[in-house]
Structure formats: structure tokens, C-alpha cells
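Undergrad: A predicted structure for the sequence below; I have some questions about it.
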Amino acid sequence: MYFFLIIFSAVGIVFLIVSKSIEIRTGKVSWFGNKSVSYDPIVRRKLGTTKVFVSRINSIGTKNFLIARVQNLFQVFGMTGLFVSRYYGKIKSRIKGRKVLKGGGVVSFFLKDVAESKSEEDDRKL
């Protein structure tokens, strides 16, 4: 099937080249030349509408592609935000120096002294 299509195309190209070379040598416009002049505007209009149609398809495809990429980015940033927010409290406490101890222990002796002195001040006020 493809073989016949290739042969047909090759014969058509050879016919066009031979026809144009005869037309140039003789200086007369051939039958094919006359048809070419009359069909050129029609072919140009068809090519123009095809160009507009293909450009619209490409713009719609590009638009859909960009929308899909933006949705994927929002999903990635959303998942990253969830991950960060889950551990943000722990990290924030560690950065600011507030450590929640398990078992009710103290962080350091200094803080233990500060906590005791604050509790003594509160007892005096009462």
C-alpha cells in the first residue's frame, strides 16, 4: 500500500518538474499552468483555514497541558505544605528552645532553678 503511494508521489513530482521545464522553454502556459493559476487562491484559502484549525488545536492542547502541570504543582506544594505543617510545631519548639519533655523531667539545672524560683514567688504573692 505504502509502496504505491510512494510511486504515485514520485511520478507526480517528476510530472510537475517536466511540465514546468517545458513551460519555461516554450514560454507558453500549459494546461496544468492554467489550472494552477485558477486553483491557487482556493488552495491558499484551504491552507489558511487548516492553519487556523491546527493552531487552535495546538493552543487547546497547550492550554490543557499547562492546566495539568499547574494542577500537579499545586498538588506537590499542597503535600509539601502538609508535611511541613505536621512537623512545624516540633521544629519551631526546638528552634525557640521550648522542649516538651516526656516523663515530666527538666531541660537543664538552670531552668529547674528558674522554675523553682518562679513557684516560690507565686507562693509569696498568695
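TA: Alright, I've got the coordinates. Numbers count the residues shown, from 1 in each chain.

Undergrad: need the longest helix for the chain.
TA: Ranked by residue count under DSSP state H, the longest helix found in the chain is helix 31-96.

Undergrad: where does residue 29 fall, secondary structure wise?
TA: Counting by DSSP states H and E, there is no helix or strand that carries residue 29.

Undergrad: tell me where the model's unsure across this protein.
TA: Within the chain, the stretches with pLDDT under 70 are 89-109, 119, 121-126.

Undergrad: how far does stretch 7-25 sit from the chain's center?
TA: Between the centre of stretch 7-25 and the centre of its chain there are 46 Å (Cα atoms, centre = their mean, to the nearest Å).

Undergrad: now tell me what touches that stretch from outside.
TA: 29, 30, 32, 33 (Cβ atoms under 8 Å, 6 or more residues apart in numbering). Yep, even glycine has a C-beta here, placed from its N, CA and C like the rest.

Undergrad: try it again at 10 Å.
TA: 28, 29, 30, 31, 32, 33, 36 (Cβ atoms under 10 Å, 6 or more residues apart in numbering).

Undergrad: on that earlier part again, list the helices and strands the longest helix of the chain packs on?
TA: Judged by 3 or more Cβ pairs under 10 Å, 6 or more residues apart in numbering; DSSP states H and E, helix 31-96 is in contact with helix 2-26.

Undergrad: quick one on the thing from earlier: between the longest helix of the chain and helix 2-26, how big is the angle?
TA: 120 degrees (axes from the mean of the first three to the mean of the last three Cα atoms, to 10 degrees).

Undergrad: from the chain's centre, how far out does stretch 42-60 sit?
TA: For stretch 42-60 - counting by Cα atoms, centre = their mean - the centre lies 24 Å from the chain centre.

Undergrad: begin at 55 from now on, thanks
TA: Okay, using 55 as the starting number, the last item reads as stretch 96-114.
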